[in-house]
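Colleague: Please work out how this folds:
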Amino acid sequence: MATATQWIAGARPRTLPNAIAPVVAGVGAALYAGGDSSADVVWWKAALALVVAIALIIGVNFANDYSDGIRGTDDERVGPMRLVGSGAAQPSAVKAAAFVCFGIGAIAGLVLAVTTAWWLVVLGAICIAGAWFYTGGSKPYGYYGLGEIAVFTFFGLVAVLGTQYVTSGRVDWVGLVCAIAVGSISTAVLVVNNLRDIPSDTESGKITLAVRLGARRTRGLYVGLLAVPLLASCVLALATPWSLIGLAVAPVIWLAARPVLRKAVGPGLIPSLGATGIAMLVWSILAAIALAVG
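Modeller: Numbering: from 1, shown residues only. Next comes the predicted model:
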């Protein structure tokens, strides 16, 4: 029976920036759209959007743990411990934990839909299905190199623009730029994770985008994705010059990219995972502050 510490590790807390950052950026875009007054931003909806994002990312982490574990994909891991793959928890318990998280996200999302727009119910259902079928089902799309597209879509476009919409009732080009930036760096987290796992994924038959591209091109893709938020800060300067403070994240991005550029492999890439998540959160906070001030 897994301990509380192991369950917390299984939830993969290092991925929480992927959930928090898009909500922060979306609120920043909403504040900018509201002009001189923050009264147009519905803060309790922002809090619910955060609940949805956190519940979904923890849910997808448990779902991946379950699905990869029963397939044997996690039998030879070089990364953090997995509950099913290590035998610490029963697969049924991990699967149940995933669906509890999805349920929490669904309830919070339903409240947002009832108080904002009913079509958000359909969007929420698509998000939950995307979370489960990433590694679940008979033909998980994460095993066919489509995980990066899903991360960019759900934790970038949907999460940022969805937050801006439910909190301010509108979306605009500022929100779209923020969504592209957050989606890109969130995708970079998955890219470096899959770069680390190329040998084990190849052996287990998990054909990720990194496996398809190979290590050299995957490293190039990762660095390119990290450059997007820096470019986004320059574009957002058209809305407010304050957005240039987003460039202050460059040292953190360098720390994240250094192991990749130095061709680290296996456990040597783990520092890049954490640093990429921190860079994403820092950029989102800086961008939100700039848009609120501007």
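
Colleague: can you give me the strands in the protein?
Modeller: In the chain, no segments count as strands under DSSP state E.

Colleague: Just the buried residues of the longest helix belonging to it, please?
Modeller: In the chain, assigned by DSSP state H, the helix with the most residues is helix 43-71. Residues of helix 43-71 classed as buried by neighbour count (16 or more other CB atoms under 10 Å): 45-46, 48-71. (Glycine included, C-beta is placed from N, CA and C.)

Colleague: helices and strands around that helix, which ones?
Modeller: helix 4-10, helix 16-33, helix 91-115, helix 119-133, helix 159-168 (3 or more CB pairs under 8 Å, 6 or more residues apart in numbering; DSSP states H and E).

Colleague: any idea of the mean pLDDT in that helix?
Modeller: The average pLDDT for helix 43-71 rounds to 94.

Colleague: Likewise for stretch 174-183?
Modeller: Stretch 174-183 comes out at a mean pLDDT of 98.

Colleague: what's the answer for stretch 123-136, then?
Modeller: 93.

Colleague: Which pLDDT value goes with the residue lying closest to residue 119 once chain neighbours are set aside?
Modeller: Excluding the flanking residues, the one nearest residue 119 by CB to CB, 6 or more residues apart in numbering is residue 113, at 7.8 Å. Note on residue 113: pLDDT of 96.

Colleague: Was I right to think residue 113 contacts residue 125?
Modeller: No: judged on CB atoms under 8 Å, residue 113 makes no contact with residue 125 at a distance of 10.2 Å.

Colleague: Specify which residue of those two has the higher count of neighbours.
Modeller: residue 113 (18 against 12; other CB atoms under 10 Å).

Colleague: quick one: contacts for the more buried one?
Modeller: 119-121, 124 (CB atoms under 8 Å, 6 or more residues apart in numbering).
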